[in-house]
Structure formats: C-alpha cells, structure tokens
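A.B. asks: Any chance you can model this:
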Amino acid sequence: MPESHESGFLPTQFTGLENEWSHMFVVVAHPTGLTLRTSAIFAEAVDNCPCKILVRNNHMTVDGKGVLSVLSLGADTGTLLEISAHGPGASQALEILAGLTTTEGMNLFSIAAPGVSGSGQAGGGSTH
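C.D. replies: Numbering: from 1, shown residues only. From the prediction side, this is the model:
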C-alpha cells in the first residue's frame, strides 16, 4: 500500500524510482464526475500498464484498473482523489491519467495544487 501523507494533499509527485510508490492528487473536473463511462476511460487508459494503480477517495482505496472499482468511489465533480502507482511504468501511467480527456475533449481531472482540498466527499454519481 502507498504511504499516507500526514501533511495533507501534495502536488503531483513523480519519484522516478520503480521500487517506490509514485503519487499524484487530482480533483475530478468532469461535470458528471466519475460515471460508468468516465470510469471506463480511466481504467482502459492504464489497463496495459504493467504497474499497480490504486485510487483513494477519503478512506476507500480501489484497484484503478477495474471499471467498477473506480466507479465505486462515487467521485463527483470536485472530489479530491489520490492516485498511486507502483512498478515498471508507474510515472508514465500517472502522466497518462493526468492528461485524460473524454471523446468530447473534456478533461477528467485537474491536478491538485498544494493546499487544495477539493470536496473529498464520496457521492453517488450518475451512471451515464
């Protein structure tokens, strides 16, 4: 499991060391949040990456390669998520996720700046 940061949420952090966890904090920017469709975009983007991907919303951590796992986070617009990667290609996987867009060209996430807390709430997003 990735280590938790007691100092709060940190900006994107790419360690570049494949034996350590790389982390980034993002805010869900898509107007519908993480729905079934946007969760599928997320999971498919890293499906072929050899590294382990974990996504955390408050106290719930899920496998980032599973569509239903990502959907189960209930992340609405404005929710702060921690995305962690470990293993070969971890930094590249985080870069891919940071730049995700939908077929309409809308960003899925915005990178959280230091001190940004987002809503951090697990909500019940729709399933568009």
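
A.B. asks: Which secondary structure state does residue 110 sit in?
C.D. replies: Counting by DSSP: H, G, I helix; E, B strand; the rest coil, the backbone at residue 110 sits in strand.

A.B. asks: so it makes contact with residue 29?
C.D. replies: Yes - look at residue 110 against residue 29 with Cβ atoms under 8 Å: they come within range, at 4.4 Å. No exception for glycine: its C-beta is placed from N, CA and C like everyone else's.

A.B. asks: and the most centrally placed residue in the chain, what element?
C.D. replies: With distances taken as Cα atoms, centre = their mean, the residue of the chain nearest its centroid is residue 83 (4.1 Å). Element membership for residue 83 (DSSP states H and E) is strand 80-86.

A.B. asks: pLDDT (mean, whole number) over that strand?
C.D. replies: For strand 80-86, mean pLDDT is 95.
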